[in-house]
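K.L.:
mind folding the following:
(chains A and B)
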Number of protein chains: 2
Amino acid sequence: MQFTSERRLDDGVLEREFTLGEIPGILWTPASAPAPLILLGHPGGLGRMYPRLVGRARHAAKDGLASATIELPGSGDRPRSAALEEARADLRRAMAAGEPLDEIVDRLILPLVEKAVPEWQATLDALLALPEIGGPVGFSGGVIAIGTRLAVVEPRISAAVLFAGSFVPRSMFEEARQVGIPLLVLLQWDDEGNDRQAALDLFDAFGSKEKTLHANLGGHTGVPQFEGDDGGRFFARHLK
Amino acid sequence: MQFTSERRLDDGVLEREFTLGEIPGILWTPASAPAPLILLGHPGGLGRMYPRLVGRARHAAKDGLASATIELPGSGDRPRSAALEEARADLRRAMAAGEPLDEIVDRLILPLVEKAVPEWQATLDALLALPEIGGPVGFSGGVIAIGTRLAVVEPRISAAVLFAGSFVPRSMFEEARQVGIPLLVLLQWDDEGNDRQAALDLFDAFGSKEKTLHANLGGHTGVPQFEGDDGGRFFARHLK
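P.N.:
Below is the predicted model of the structure:
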């Protein structure tokens, strides 16, 4: 892990860009150290997502939590994948035409999960070696299939806020039953890039003894401000 | 409204029992006055429900809110209704036998709503005449059909936490579309005395621009402690 830039935000949060091999990422740390860590999931495109990511990181820092994120495979400045681009285009076409999506969702999401999850785990290895990161670790955001797989395979993640804002491969439902960590699942009730019933079925499938669903009126990007506070309190309960 | 008893709880909350005509009720007020008011809904049986009601009232008092509740028609010390008792017995039988419930739910809930809602409104008249109650007013709890009707017909109620823990008459879905106040709907995912899909359909039907669903794993009485805090913050946002 190589730090490539460093700046102090006006609220005292230290923001550092890094690369892990060829993967770009960002780490935000509060003044207090060592800090628990939130891995910030997102749909890909660090540049486009930066304003929302830094907002979430600053919010977490107020609760004494560090945050980190990495670029997804095939997004942002990382090399494009022809198969991924084709699956994305197919999904848009099938949605517009009202055609079945399952096979396309599998082609789009499953390879992404396969590739991204080990990258998040390698990032976690590197971050937990830093003296300013103490753990425990939470995952917050989407892609929900990535968060689900991480919750199953990565024992260092002890709680997750999962954003049900992307299509879910059918095979994920079986995987969800193996999740045991406390979960807060966010669902935008009118999300155009999601299947509400599949999100409810996925919530039902999670094996966790403590799981809470927060559903709010509105579309994909309309998550209300107060859900940031609720997520903060969820992590405060489980990471401290 | 006649106060029939008065005592100060150890946290300084003043608890007074009252009668409004033949209806028994309880009012809890915090030290600060005039206070906003929460009407505490419940499934009937003030004696049996008292421990949970006083817990909710003390929690609200910490946020500077007064709370009040009244007995439901046909419950607790109020005269039994033969029709209500028969509908209750029929519901238990039909649930055990896996038979259709709609007609029985209508017979059980609709007369209760018709009778209870004007009683809550009369209670509100009396409470808002007290100098220690200032408004605004929220409704919190069940029976969800009573809360829904109140939200439609009673303009003095400006926000509601509705507990989806009872069966919902089909006619309530049309009524739900007329609700416009901010809502927080609580759903116990494995509630044995409820129909999960009907609760989700009801949430979908509410006309409010701000509506949030909190669903938690567990049965009817398993609402997690932290939902009390969430409800408090919801009312703090909307009643202050």
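
K.L.:
buried stuff in the longest strand along chain A?
P.N.:
Identified as the longest strand of chain A according to DSSP state E is strand A:133-141. Using 16 or more other C-beta atoms under 10 Å in any protein chain shown as the test for burial, strand A:133-141 gives A:133, A:135, A:137, A:138, A:139, A:140, A:141. For the C-beta atoms, the positions are set from N, CA and C on the backbone; glycine is no exception.

K.L.:
tell me what the fourth one is bridged to.
P.N.:
Just to be clear, that refers to residue A:138. residue A:38, residue A:159 (DSSP bridges).

K.L.:
please name the residues that touch it.
P.N.:
In this structure, residue A:138 makes contact with A:36-39, A:65, A:157-161, A:235, A:238-239, judged by C-beta atoms under 8 Å, 6 or more residues apart in numbering or on different chains.

K.L.:
ok, now with 10 Å
P.N.:
A:36-40, A:60, A:65, A:67, A:157-161, A:181-182, A:184, A:231, A:234-235, A:238-239 (C-beta atoms under 10 Å, 6 or more residues apart in numbering or on different chains).

K.L.:
in strands, which of the residues you listed fall?
P.N.:
Using DSSP E, the contacts of residue A:138 in strands are A:36, A:37, A:38, A:39, A:40, A:67, A:157, A:158, A:159, A:160, A:161, A:184.

K.L.:
want to try a markdown table for those residues, with neighbour count as columns?
P.N.:
Shown next, in a markdown table, are these (neighbours: other C-beta atoms under 10 Å in any protein chain shown):
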| residue | neighbour count |
| --- | --- |
| A:36 | 23 |
| A:37 | 28 |
| A:38 | 30 |
| A:39 | 23 |
| A:40 | 23 |
| A:67 | 26 |
| A:157 | 22 |
| A:158 | 18 |
| A:159 | 23 |
| A:160 | 30 |
| A:161 | 27 |
| A:184 | 25 |
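
K.L.:
could you take these and lay them out as a markdown table, with extra columns for pLDDT?
P.N.:
Listed next are those as a markdown table, based on pLDDT from 0 to 100:
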| residue | pLDDT |
| --- | --- |
| A:36 | 97 |
| A:37 | 98 |
| A:38 | 98 |
| A:39 | 98 |
| A:40 | 98 |
| A:67 | 98 |
| A:157 | 98 |
| A:158 | 97 |
| A:159 | 98 |
| A:160 | 98 |
| A:161 | 98 |
| A:184 | 98 |
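
K.L.:
nearest to chain B, of the residues you listed?
P.N.:
Closest to chain B out of the ones in strands among the contacts of residue A:138 is residue A:184 (9.8 Å), distances taken as C-beta to the nearest C-beta.

K.L.:
dump the residue contacts of the closest one.
P.N.:
With C-beta under 10 Å, 6+ apart, residue A:184 has these contacts: A:138, A:140, A:159-163, A:210-214, A:227, A:230-231, A:233-235, A:237-238, B:214.

K.L.:
put the alpha carbons of stretch A:151-169 into CSV.
P.N.:
Coordinates of the C-alpha atoms in stretch A:151-169 are reproduced here as CSV (Å, rounded to 0.1, in the frame of the first residue of the first chain):
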residue,chain,number,x,y,z
ALA,A,151,-19.9,-10.8,5.4
VAL,A,152,-19.7,-14.5,4.7
VAL,A,153,-16.0,-14.9,4.0
GLU,A,154,-14.3,-12.2,6.0
PRO,A,155,-14.4,-12.9,9.7
ARG,A,156,-12.8,-9.5,10.5
ILE,A,157,-16.0,-7.7,9.5
SER,A,158,-18.3,-7.6,12.5
ALA,A,159,-21.3,-5.5,11.4
ALA,A,160,-22.6,-4.2,8.1
VAL,A,161,-25.0,-1.5,6.7
LEU,A,162,-26.0,-2.9,3.3
PHE,A,163,-27.6,-0.7,0.7
ALA,A,164,-30.1,-2.7,-1.3
GLY,A,165,-29.7,-0.6,-4.4
SER,A,166,-28.5,-3.0,-7.0
PHE,A,167,-29.9,-6.2,-8.6
VAL,A,168,-29.1,-9.4,-6.7
PRO,A,169,-28.1,-12.7,-8.3
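
K.L.:
buried sites along that stretch?
P.N.:
In stretch A:151-169, counting by 16+ other C-beta under 10 Å, buried: A:151-152, A:154, A:157-169.

K.L.:
many thanks, we can stop here.
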